[in-house]
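>>> got a predicted structure plus its sequence, pasted below:
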There are 2 protein chains.
Amino acid sequence: MADSQELRKAGLKATLPRIKVLEVLERSKLHHMGAEDVYKILLNAGEDIGLATVYRVLTQFEGARLVTRSNFEGGHSVYELNHGNHHDHILCVKCGKVDEFVDDVIEKRQRDIAAKAGYILTDHSLNIYGVCADCQSAAEQAQSIL
Amino acid sequence: MADSQELRKAGLKATLPRIKVLEVLERSKLHHMGAEDVYKILLNAGEDIGLATVYRVLTQFEGARLVTRSNFEGGHSVYELNHGNHHDHILCVKCGKVDEFVDDVIEKRQRDIAAKAGYILTDHSLNIYGVCADCQSAAEQAQSIL
DNA sequence: ATTTTAGATGAAAAAGATTCTCATTATCAT
DNA sequence: ATGATAATGAGAATCTTTTTCATCTAAAAT
Ligand SMILES: [Zn+2]
Ligand SMILES: [Zn+2]
Ligand SMILES: [Zn+2]
Ligand SMILES: [Zn+2]
């Protein structure tokens, strides 16, 4: 199977838990998944993989650049396959939907800011929070009913 | 005392724990403080204020717009007095130093991105991580010794 | 194919940050 | 001063993530 090779190419042993977690990330309709999400899917699929292993595997995948991790407010982290296209996130505070965006101007400004402050940039995290279009119309609905 | 009035103006009862926490935020040399930081300072000052109360008070202060809260990687949150000047943070991954910056271009782009995505913007969080100038020279020192 | 061995896993405990519970106490309008 | 209302302290609880350690397994060596 291709996943085994991908794991070895990344310098990781092709163990069953790693293959299964990678499959979940590839096949799930959710683009951004928390460790708990992955764990539950594996449980439902009858796989006997512990939550601690899911965390370990996801952390290793991050180290191997197979996935990226994003930390949102409230201590909730999500992982997604790394397709090499860096992006930031905009998410709905009502329903939890997560959208993505890329803004080259912001990216460049961040590099300039780091340089000006004398820092060697290693990472950055930009999250925009708001109410999505769906939740806005849902709120209007509720209003008209009252 | 002025702090009591400030608390009432913010719609909060002027209780002793609130006054003491506010004093710590005003007087500490640290501009960005975690709940634990505040708690330890109060302990050392001989105040009998529980950690749970510090958390509660800081959360209330945030609701009352007296302070702002920032969440950094690794589940570490810090509070600072709200002087009305919104800013973002750039921090050193080696020593933990926290610097601030404001970039109007980035701020505007974020508003545009939210609008374009159909979101009503409620908040955003931008943190830049890097190695500060001090830690860079420290690393060079270590190199030259080896 | 079997053995070997370094590395990986599962289960449960631990950790770290924050919130909740609830009996007790303090604030502030009357 | 008094009472209604809200706040506090201490510890338990929660939630996410990490660690421990005995057991197991992938891949290299025989
Ligand atoms: Zn929504
Ligand atoms: Zn994404
Ligand atoms: Zn530094
Ligand atoms: Zn700040």
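Nice, I can see it. Ligands and ions are numbered 1, 2, ... in the order given.
>>> tell me the contacts of A:Ile106?
The contact partners of A:Ile106, by CB atoms under 8 Å, 6 or more residues apart in numbering or on different chains, come to A:Asp88, A:Leu126, B:Val105, B:Ile106, B:Arg109, B:Gln110. In this view, the C-beta of every residue, glycine as well, is placed from N, C-alpha and C.
>>> which ones, among the residues you listed, also lie beside ligand 4?
Here nothing survives when these are matched to ligand 4 using CB under 5 Å from the ion.
>>> by neighbours, which of those wins?
Greatest neighbour count in these, by other CB atoms under 10 Å in any protein chain shown, goes to A:Leu126: 23 neighbours.
>>> that residue and B:Ala45: what is the separation?
Here A:Leu126 is placed at a distance of 38 Å from B:Ala45 (CB to CB, to the nearest Å).
>>> same question for A:Val98.
For A:Val98, the distance to B:Ala45 - CB to CB - is 43 Å.
>>> which of the two has more neighbours?
A:Val98 (18 against 11).
>>> and that one, backbone torsions?
When read as degrees, to the nearest 10, the backbone of A:Val98 gives phi -120, psi 120.
>>> residue contacts, it?
A:His31, A:His32, A:Val78, A:His89, A:Ile90, A:Leu91, A:Cys92.
>>> which ones among those residues are found in strands?
A:Val78, A:His89, A:Ile90, A:Leu91, A:Cys92 (DSSP state E).
>>> longest single strand anywhere in chain A?
strand A:120-131.
>>> for that one, which strands pair with it and how are they oriented?
When pairing is defined by DSSP bridges, strand A:120-131 lines up against strand A:88-92 (parallel), strand B:120-131 (antiparallel).
>>> JSON lines for the ones you listed, including mean pLDDT?
Shown next, in JSON lines, are the strands paired with strand A:120-131 (pLDDT from 0 to 100):
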{"stretch": "strand A:88-92", "mean pLDDT": "95"}
{"stretch": "strand B:120-131", "mean pLDDT": "95"}
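>>> need the winner for burial among those strands.
strand A:88-92 (a mean of 22; mean count of other CB atoms under 10 Å in any protein chain shown).
>>> just the mean pLDDT for the helix or strand just after the longest strand of chain A, thanks.
Using DSSP states H and E, the helix or strand that follows strand A:120-131 towards the C-terminus is helix A:133-145. Averaged over helix A:133-145, pLDDT sits at 86.
>>> just the buried residues of helix A:133-145, please?
Across helix A:133-145, burial judged by 16 or more other CB atoms under 10 Å in any protein chain shown covers A:Cys135, A:Gln136.
>>> got any ranges where chain A has weak pLDDT?
A:1 (pLDDT under 70).
>>> name the nearest residue to the residue positioned nearest the centre of chain A, ignoring sequence neighbours.
Nearest residue to the geometric centre of chain A (CA atoms, centre = their mean): A:Tyr79, 2.9 Å. Closest residue in space to A:Tyr79, ignoring its immediate chain neighbours: A:Val67 at 4.7 Å, by CB to CB, 6 or more residues apart in numbering or on different chains.
>>> contacting residues for that neighbour?
A:Val67 touches A:Leu25, A:Leu58, A:Phe61, A:Tyr79, A:Glu80, A:Leu81, A:Asn82, counting by CB under 8 Å, 6+ apart.
>>> now those as CSV including secondary structure?
Below are these laid out as CSV (DSSP: H, G, I helix; E, B strand; the rest coil):
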residue, secondary structure
A:Leu25, helix
A:Leu58, helix
A:Phe61, helix
A:Tyr79, strand
A:Glu80, strand
A:Leu81, strand
A:Asn82, coil
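>>> just name the closest of those residues to A:Leu7, please.
A:Phe61 (9.1 Å; CB to CB).
>>> so what's the closest one closest to, chain neighbours aside?
A:Val67 (4.4 Å).
>>> what's across from that neighbour in the sheet?
A:Leu81.
>>> shouldn't the residue nearest to the centre of chain A be in contact with A:Leu66?
No. Using CB atoms under 8 Å, A:Tyr79 is not in contact with A:Leu66, being 9.5 Å away.
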